[in-house]
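In: Here's my sequence, what's the structure:
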Amino acid sequence: MATVVPVDEFVTDEWYPGFKPALDHAGWAVEPFRTFDKADEERFWFLDFHWPRGLTPMGLIWNEDGYSWGTQLAAESLPLPPGRGITQRIAGTHTYAAAIDVTDEWEIGERARRMMQNLPRFLENFEGTWAERRAEVDSWWTHLQSVDLRSLQLPELGGYLRKARQFHKRAFEIHFEIMYPLLANYVGFYGACTEMGIDPGQIAKFLQGYDTKIMETDRALWDLTRKARNAGLGEVFAAHDATAMRAALSAHGGAAAGWLTEFDDFLQVYGYRTEGSCDIALPSWIEDPTPALGMVKTFLLKDTDHDFEAALANAVEEREAAIDAARSSLSREEQEVFDAGLASCQAANFPWWQDDHNYYIDLRVSLPMRWATQQIAEVVGADASDDTIFLFWPELLQVVDGERNFAEFKGIINDRKQYFDHWYGRRASMPKVLGTIPEAVTDPILIEIFGLNSHFLTAVQAAGDDSDVKTLSGVAASRGRARGIARVLTDADELHRVQPGEILVCESTSPNWTPAFAKIAACVCDGGGTLSHAAIVGREYGVPTVTAVGLATVVISDGDEVEVDGTNGTVTVFKRAEHPDEVVSA
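Out: Numbers count the residues shown, from 1 in each chain. All right, here's what the predicted structure looks like:
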């Protein structure tokens with residue numbers, strides 16, 4: 001009998017207090033984003049790790065423009081044989097997602113035929129296509145960044161806001177237009193490899209060892225760390241919390257002043273990124289440099305700098321060894337199939353693109369809308385700069401178009417802020433899945449990126465029987481073994497406080513978590529497949545990583561002593577923390 005996790009608690013017709021949408025303010029290709037109803041219990045829903053804080057009313061635009069419109073449009077355009085994209089429901093402020101499955105065997109075959117007509121053209125032109133799309137995103141970005149919002153009146157700010165959303169929507173059309181073909185190609189190669197008897201745990205390694213813009217950012221942070229150490233600023237960093245670091249360095253003067261100048265130059269290049277994907281509520285490093293300064297602070301605690309060249313060389317060596325081992329087990333005919341598939345996947349490299357594109361899209365495209373809402377808050381006399389992100393899109397348009405006075409919304413904004421805080425506090429206890437848990441998942445994004453594989457499904461089916469669990473199993477995402485103190489994080493807010501040598505335990509990581517891989521001993525994630533961010537970065541940085549554990553953040557407590565075996569995909573709790581609620585300080 002199938003395991004069913006009830007949705008009853010989350011059934012409502014309100015998205016937030018005071019807002020019942022007509023579902024006519026945003027387009028979708030197949031199925032709209034909405035709240036749960038009882039019938040949804042027949043489907044399988046997973047708690048999405050990208051937004052552990054929950055989403056504000058304006059933040060829910062991502063579910064409309066990216067998750068609904070972007071995935072469904074791309075899945076229909078390719079088309080993706082087993083699915084029509086992803087749909088979402090909201091539980092409180094938290095996003096649950098589900099695949100829109102194609103179940104008719106004839107239709108699946110027809111979609112596969114059309115995909116095989118379209119896919120070769122895409123793969124042959126991938127490099128040029130991605131360069132064109134990246135240039136398009138950069139053009140939008142440069143234009144929107146160049147506008148002096150302080151010079152605009154309210155109606156003009158409304159025009160900028162609409163244009164910023166147009167950019168946001170177009171960026172995610174591009175995102176999934178590129179993602180689905182790359183992933184489909186990888187899945188095809190993966191299937192061919194497994195049919196030829198190649199170890200599935202080795203296949204993702206064939207595509208590692210390639211540099212990305214996210215790794216470029218990390219190298220620049222380490223360069224700043226070396227300069228701080230050489231300038232004798234270690235004591236200043238050690239003596240102050242990251243939130244007060246800039247003021248402390250400014251007061252210190254001398255070498256610190258020169259270092260801050262270089263830090264500001266770094267921010268102009270790499271600072272337009274947020275501590276989470278696609279969330280209008282999050283400031284960039286330009287607005288709040290605490291995450292970057294805090295990372296430098298903890299980097300300085302390491303005895304040695306992270307050796308990027310050695311890590312890259314090791315990733316390349318492991319890649320080539322894995323390829324040679326795979327080829328040596330094949331016949332000549334099989335080698336020809338393998339070589340052709342490998343060449344295609346290396347030329348149109350999903351793991352490389354998965355990290356690289358985040359610099360251009362996921363970590364920055366919400367910022368123009370954020371800037372617009374903040375300036376609108378200033379013009380209308382809001383009590384706080386974030387008041388306007390607690391309005392929904394139709395409501396904010398009414399304000400900028402002069403149809404309603406902002407003062408009418410002040411009461412409901414306060415109610416919604418309290419609602420957001422309530423659900424933020426509930427995140428750790430939210431069910432990992434809702435609805436009917438299937439025997440298997442077919443959507444390749446859900447398997448390879450979100451990690452909804454057999455490990456994950458088995459773990460969540462056993463939820464509630466975890467009180468005495470001391471050994472967990474998951475995907476052996478990045479080889480090696482490490483033992484240390486667990487640092488369990490719900491979101492990235494405290495990531496810069498993670499100490500060198502600790503074991504990062506989380507729902508899953510996003511690109512903004514990458515700098516931590518240069519100081520942690522290992523990583524454990526509830527979700528994530530072989531192509532998830534944690535798996536990709538774990539391999540590139542040489543950090544033992546196990547993903548798709550299912551209940552790591554439930555079973556492991558902050559301060560537990562754990563061992564991570566990234567080669568075999570196991571996590572063992574050796575010693576429970578005496579005071580698991582203590583928060584590490586830095």
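
In: can you pull out the helices in the stretch 251-400 of the chain?
Out: Taking DSSP state H, counting those that start in this stretch to define them, one finds helices in the stretch 251-400 of the chain at 255-270, 290-299, 308-328, 332-347, 350-360, 367-380, 393-400.

In: The shortest one packs against which elements?
Out: It refers to helix 393-400. Here helix 393-400 touches helix 154-195, helix 367-380, going by 3 or more Cβ pairs under 8 Å, 6 or more residues apart in numbering; DSSP states H and E. For glycine as for every other residue, the C-beta is placed from the backbone atoms N, C-alpha and C.

In: buried stuff in it?
Out: Residues of helix 393-400 classed as buried: Trp393, Glu395, Leu396, Leu397, Gln398, Val399, Val400 (neighbour count, 16 or more other Cβ atoms under 10 Å).

In: what about the residue nearest to the last one when sequence neighbours are not counted, distance to Val555?
Out: It refers to Val400. Spatially, and ignoring its direct neighbours in sequence, Val400 is nearest to Gly158 (3.1 Å; Cβ to Cβ, 6 or more residues apart in numbering). From Gly158 across to Val555, the span is 49 Å (Cβ to Cβ, to the nearest Å).

In: Between those two, which is the more surrounded one?
Out: Val555 (24 against 20; other Cβ atoms under 10 Å).

In: what's the distance between that one and Thr509?
Out: 18 Å.

In: What of Ala477?
Out: Distance of Ala477 to Thr509, computed by Cβ to Cβ: 11 Å.

In: Common neighbours of the two, please.
Out: Taking Cβ atoms under 8 Å, 6 or more residues apart in numbering as the criterion, Ala477 and Thr509 both touch Gly528, Ser532, Ala534.

In: Next, the contact list for the last one, please.
Out: If a contact means Cβ under 8 Å, 6+ apart, then Ala534 has Ala477, Ser508, Thr509, Trp513, Cys523, Cys525, Gly528, Thr545, Thr547 as its contacts.

In: Go again with 10 Å.
Out: 49, 451, 475, 477-478, 504, 506, 508-510, 513-514, 517, 523-525, 527-528, 543, 545-548 (Cβ atoms under 10 Å, 6 or more residues apart in numbering).

In: cool, and His240?
Out: The neighbourhood of His240, defined by Cβ under 10 Å, 6+ apart, consists of Arg246, Ala247, Ala248, Leu249, Ala251, His252, Leu293, Lys297, Ala586.

In: got it, and Val365?
Out: Shown in contact with Val365 (Cβ under 10 Å, 6+ apart): 62, 65-66, 137, 140-141, 144, 164, 167-172, 174-175, 274, 277-278, 280.

In: on that earlier part again, can you add distance to Glu439 and give the helices and strands packed on helix 393-400 back as a markdown table?
Out: Below are those laid out as a markdown table (distance: least, Cβ to Cβ, whole Å):
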| stretch | distance to Glu439 |
| --- | --- |
| helix 154-195 | 19 |
| helix 367-380 | 41 |
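
In: do you know which of the ones you listed lies nearest His357?
Out: When these are compared by Cβ to Cβ, helix 154-195 sits nearest His357, at 6.7 Å.

In: shaky segments in the stretch 1-150 of the chain?
Out: Applying pLDDT under 70 to the stretch 1-150 of the chain picks out residues 1.

In: where along it do the helices fall?
Out: Counting by DSSP H, counting those that start in this stretch, the stretch 1-150 of the chain has helices at residues 61-62, 71-77, 105-124, 126-146.

In: okay, these, which one's buried deepest?
Out: Across the helices of the stretch 1-150 of the chain, the average number of neighbours (mean count of other Cβ atoms under 10 Å) peaks for helix 61-62, which reaches a mean of 25.

In: This protein - how does it break down into domains?
Out: For the chain, the structural domains run 4-180+363-429, 447-575, going by automatic domain parsing.

In: Between these, which one is closest to Ile323.
Out: Of all the domains of the chain, it is domain 447-575 that lies closest to Ile323, at 14.0 Å by Cβ to Cβ.

In: How far does the closest one stretch from one end to the other?
Out: One end of domain 447-575 sits 32 Å from the other (Cα to Cα, to the nearest Å).

In: I'd like the distance from it to the chain centre, please.
Out: Remark: domain 447-575 is offset 15 Å from the chain centroid, using Cα atoms, centre = their mean, to the nearest Å.

In: Over to stretch 313-325?
Out: Between the centre of stretch 313-325 and the centre of its chain there are 27 Å (Cα atoms, centre = their mean).

In: Any chance you could list what contacts it?
Out: 198-199, 201-210, 307, 338-339, 342, 346, 478-479, 539-542.

In: In helices, which of the residues you listed fall?
Out: Using DSSP state H, Gly201, Gln202, Ile203, Phe338, Asp339, Leu342, Gln346, Arg539, Glu540, Tyr541 are the members of these that sit in helices.

In: hmm, which two among the residues you listed are most spread apart?
Out: Greatest spatial distance among the ones in helices among the contacts of stretch 313-325 (Cβ to Cβ): Asp339 and Tyr541, at 28.2 Å.

In: Please identify which of these two sits among more neighbours.
Out: Per other Cβ under 10 Å, whichever of Asp339 and Tyr541 has more neighbours is Tyr541, with 24 against 13.

In: could you list every residue that touches that one?
Out: Contacts here follow Cβ under 10 Å, 6+ apart; on that basis Tyr541 touches 215, 218, 306, 308, 311-312, 314-315, 478, 514, 516-520, 523.

In: swap the cut-off to 8 Å and go again
Out: His306, Ala311, Phe517, Ala518 are the contacts of Tyr541 under Cβ under 8 Å, 6+ apart.

In: Run a quick neighbour tally on the last one.
Out: By that I understand Ala518. Residues near Ala518, counting by other Cβ under 10 Å: 25.

In: in terms of contact, does it touch His306 like I think?
Out: Yes - proximity of Ala518 to His306 meets the contact threshold set by Cβ atoms under 8 Å, at 3.9 Å.

In: so what's in contact with the two at the same time?
Out: Asp218, Trp222, Phe299, Tyr541.

In: Output those as JSON lines; include the columns pLDDT and distance to Leu183.
Out: Supplementary listing: the shared contacts of Ala518 and His306 in JSON lines, determined by pLDDT from 0 to 100; distance: Cβ to Cβ, whole Å:
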{"residue": "Asp218", "pLDDT": "93", "distance to Leu183": "25"}
{"residue": "Trp222", "pLDDT": "95", "distance to Leu183": "31"}
{"residue": "Phe299", "pLDDT": "94", "distance to Leu183": "34"}
{"residue": "Tyr541", "pLDDT": "92", "distance to Leu183": "23"}
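
In: so where's the protein shaky on pLDDT?
Out: Applying pLDDT under 70 to the chain flags residues 1, 444, 463-468, 579-586.

In: Give the closest residue to the residue sitting nearest the centre point of it in space, chain neighbours not counted.
Out: Centroid-nearest residue in the chain, with Cα atoms, centre = their mean: Ser510, separated by 3.2 Å. Residue nearest to Ser510 in three dimensions, not counting chain neighbours: Ser277, with 4.9 Å by Cβ to Cβ, 6+ apart.
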